[in-house]
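Enquirer: got a predicted structure plus its sequence, pasted below:
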Amino acid sequence: MVSIIASIRFREKDRPLVSQSTPTNPAEPTLAFDVSNTTGLAYSRRGPRSSRTVVLLHGWCLNGRLWTHLEEHLVPTYDVVIPDLAGFGMSARLAGPYDLERYTRDVVTLVDELDRRDVVLVGFAFGAAVALACARERPDLIGGIVSIGMPSGEHAPYDRMAVAMRRDWPEFASRSATAICGADTSPATLRWLEAMFVATSLPVATATCALLQNLAPDTLADGLSTPALFVHGADDTITPIAVSSSCAELMSDATLEVVAGSQHLVVIDAKQEVAALVSGFVERLDSPPVGDLGGREQSITGAP
């Protein structure tokens with residue numbers, strides 16, 4: 001199916017970061033931190049439980065804190081669940097294996113445990129691959145996917161990365177935080193990201209690096225009918241836009257949005273754009289256009 005390819009640029013003053021919508025029932029629980037009974041995953045949960053559930057999946061060697069800005073935007077309107085995947089963050093205590101099958105099983109089991117359906121999975125990079133795998137494994141649970149910065153084993157020197165990681169993991173972690181961000185990222189944000197990287201144990205980092213080395217996202221996307229939005233930074237030097245574009249083309253109901261002026265970490269480089277795109281995608285799922293047949297025509301807008 002032909003995908004929408006758009007390049008967008010927002011100004012910070014054009015759109016408030018926090019959604020202006022109100023919860024379905026303000027009296028409902030709005031804050032929770034728990035551990036899955038079946039997987040052991042630590043996760044946070046905020047927002048009205050009666051609304052659609054949005055699960056945010058972090059990237060490689062990061063954790064759920066990555067989503068702090070998007071979470072703030074979504075919680076007034078949606079039931080937002082943010083797990084720390086096994087080996088990372090508050091789930092660092094969980095032993096392996098650290099492979100795609102395990103991460104997929106953990107996420108779909110958590111969704112099942114929460115007794116939710118038509119869940120929207122939003123994943124950054126590593127988390128985006130997990131999101132696609134979940135939709136392929138349990139399409140009955142997943143109502144939509146937002147993939148941000150989809151990685152590919154063909155487009156990064158993961159074998160050389162493992163060597164450098166073993167030589168000096170703290171130094172590699174520090175450089176990784178800088179490499180995925182735009183040039184104007186603040187020193188405080190870089191320190192914040194670096195702390196997440198460094199907090200990951202080297203065995204987990206190398207095992208999941210091997211996972212990424214063998215990742216073929218096209219095989220995960222091919223033939224999927226789950227509605228999907230692929231988001232990619234126009235200036236991404238880690239993974240080419242073609243990876244997300246190819247995945248979108250292989251799915252029957254997928255679009256691609258290219259965010260102008262953003263590096264790999266679109267979640268941080270373009271907070272406003274990501275918030276608008278994710279909210280707009282979920283809103284369209286909740287209120288599909290009259291006569292929508294699932295396909296989308298090509299449109300090019302807002303070239304920088």
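Expert: Okay, I see it. Note that the coordinates shown come from a computational prediction; the quantities given were computed from them, not determined experimentally.

Enquirer: put the alpha carbons of stretch 214-226 into CSV.
Expert: These are the backbone C-alpha positions of stretch 214-226, laid out as CSV (Å, rounded to 0.1, in the frame of the first residue of the first chain):
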residue,chain,number,x,y,z
ASN,A,214,20.3,-9.6,13.2
LEU,A,215,17.2,-7.4,13.0
ALA,A,216,15.4,-7.5,9.6
PRO,A,217,12.4,-5.1,10.1
ASP,A,218,11.0,-5.9,6.7
THR,A,219,10.2,-9.4,7.8
LEU,A,220,8.3,-8.0,10.8
ALA,A,221,6.3,-5.5,8.7
ASP,A,222,5.6,-7.7,5.6
GLY,A,223,1.8,-8.2,5.2
LEU,A,224,0.8,-6.7,8.6
SER,A,225,-2.7,-5.1,8.5
THR,A,226,-2.4,-3.3,11.8
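
Enquirer: can you give me the buried ones in that stretch?
Expert: Of all the residues in stretch 214-226, those buried under the rule 16 or more other CB atoms under 10 Å are 215, 217, 220-221, 224, 226. From N, CA and C alone the C-beta is placed, and that goes for glycine too.

Enquirer: any stretches of this structure with poor pLDDT?
Expert: Low-confidence segments of the chain (pLDDT under 70): 1-31, 288-304.

Enquirer: just give me the residue closest to the centre of it.
Expert: Relative to the mean C-alpha position of the chain, the nearest C-alpha, by CA atoms, centre = their mean, is the one of G123, at 1.6 Å.

Enquirer: mind checking what secondary structure that one has?
Expert: For G123, the reduced secondary structure class is strand; criterion used: DSSP: H, G, I helix; E, B strand; the rest coil.

Enquirer: distance of it from R167?
Expert: When CB to CB, to the nearest Å is the yardstick, G123 and R167 sit 29 Å from each other.

Enquirer: number of residues surrounding the closest residue to A221 other than its chain neighbours?
Expert: Spatial nearest neighbour of A221, excluding adjacent residues (CB to CB, 6 or more residues apart in numbering): C247 at 3.9 Å. Applying other CB atoms under 10 Å, we find 28 residues neighbouring C247.

Enquirer: wait, what's in contact with C247?
Expert: When contacts are counted by CB atoms under 8 Å, 6 or more residues apart in numbering, C247 is found next to 132, 147, 150, 217-218, 220-221, 230, 254.

Enquirer: and it, that's in a helix?
Expert: Yes - in this structure, C247 lies within a helix as judged by three-state DSSP.

Enquirer: so how far is L202 from it?
Expert: Distance of C247 to L202, given as CB to CB: 30 Å.

Enquirer: likewise P83?
Expert: For P83, the distance to L202 equals 22 Å [CB to CB].

Enquirer: all helices for the protein, in order.
Expert: Per DSSP state H, the chain has helices spanning 68-74, 100-113, 126-137, 158-167, 169-179, 187-199, 202-213, 217-221, 241-250, 266-269, 271-286. These are given in chain order.

Enquirer: ok, back up a step: pipe the contacts of C247 into JSON lines and attach distance to L66 per row.
Expert: As requested, the contacts of C247 are arranged in JSON lines below (distance: CB to CB, whole Å):
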{"residue": "L132", "distance to L66": "18"}
{"residue": "S147", "distance to L66": "15"}
{"residue": "M150", "distance to L66": "16"}
{"residue": "P217", "distance to L66": "20"}
{"residue": "D218", "distance to L66": "25"}
{"residue": "L220", "distance to L66": "21"}
{"residue": "A221", "distance to L66": "23"}
{"residue": "F230", "distance to L66": "18"}
{"residue": "A254", "distance to L66": "23"}
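
Enquirer: count of neighbours near E137?
Expert: As a burial measure, the neighbour count of E137 was computed by other CB under 10 Å and equals 16.

Enquirer: which residues touch it?
Expert: Contacts were defined as CB under 8 Å, 6+ apart; by that measure E137 touches 104-105, 108.
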